[in-house]
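Q: Got a predicted structure plus its sequence, pasted below:
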Amino acid sequence: QKEVEQNSGPLSVPEGAIASLNCTYSDRGSQSFFWYRQYSGKSPELIMFIYSNGDKEDGRFTAQLNKASQYVSLLIRDSQPSDSATYLCAVTSSYKLIFGSGTRLLVRP
Amino acid sequence: DTAVSQTPKYLVTQMGNDKSIKCEQNLGHDTMYWYKQDSKKFLKIMFSYNNKELIINETVPNRFSPKSPDKAHLNLHINSLELGDSAVYFCASSQDPSGGQETQYFGPGTRLLVL
């Protein structure tokens, strides 16, 4: 089974700070990379996807991909208490989406 | 308008019973999925259907049987429920059969508790 690894956290940051969430994956053939946000008791919702090496920005969110290092990250600028959730990294492998176990983010007011 | 809906939202049942969970999507997607999320929040794919055809069947006990009557519906039947089946079951859908190039949209989940 191919793996996706994330630090479970919690990652605690003050309001307004930058939150940095990291993910490594084992399948070098993976082509697509996703970040989902999951609030407690709710379903995962897509935050960003990235296919190419480099950075992709969408509002306060930036996804970074380094295929050589098999590393994906998500930066959240100007973190808000409403960003407190579990962030799931997901990677395609053999036409399946493999999820990490998630990093819990806490944004302190 | 709910994009991906599941029923029931909560299911509490006894060991040994048989139960079904239903999923419907109104997004016009070709591919639907069932995921299981355990108590440690680990989300793992179980099955995937594309246009009513089974394309992914992970190592899941054969007590679990998916059925897709049409491409907008994917149901999950579970026989002889066990304590370890307690989890949240999510249905999802996407447009791309590879399941990778397009966003997967998740339903609200069905919280199953086996006593």
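A: Yep, that arrived.
Q: Of all residues in chain A, which one is closest to chain B?
A: Closest residue of chain A to chain B, C-beta to the nearest C-beta: A:Thr92 (3.4 Å). Glycine gets a C-beta too; all of them are placed from N, C-alpha and C.
Q: got the CA positions of whichever strand or helix holds that residue in CSV?
A: Per DSSP states H and E, A:Thr92 falls inside strand A:85-93. The C-alpha trace of strand A:85-93 is given here as CSV (Å, rounded to 0.1, in the frame of the first residue of the first chain):
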residue,chain,number,x,y,z
ALA,A,85,-9.8,22.1,11.3
THR,A,86,-8.0,18.9,10.2
TYR,A,87,-6.2,19.2,6.8
LEU,A,88,-5.9,16.1,4.7
CYS,A,89,-3.3,15.6,2.1
ALA,A,90,-4.3,13.3,-0.8
VAL,A,91,-2.3,11.9,-3.6
THR,A,92,-3.3,9.9,-6.6
SER,A,93,-1.8,6.4,-6.9
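Q: Which residue, neighbours along the chain excluded, lies closest to B:Leu113?
A: Spatially, and ignoring its direct neighbours in sequence, B:Leu113 is nearest to B:Val12 (4.7 Å; C-beta to C-beta, 6 or more residues apart in numbering or on different chains).
Q: Can you name every helix or strand that the helix or strand of chain A with the lowest mean pLDDT contacts?
A: Of all helical and strand segments in chain A, the minimum by mean pLDDT, DSSP states H and E falls on strand A:96-99, at a mean of 88. On a contact count with 3 or more C-beta pairs under 8 Å, 6 or more residues apart in numbering or on different chains; DSSP states H and E, strand A:96-99 meets strand A:85-93, strand B:43-50.
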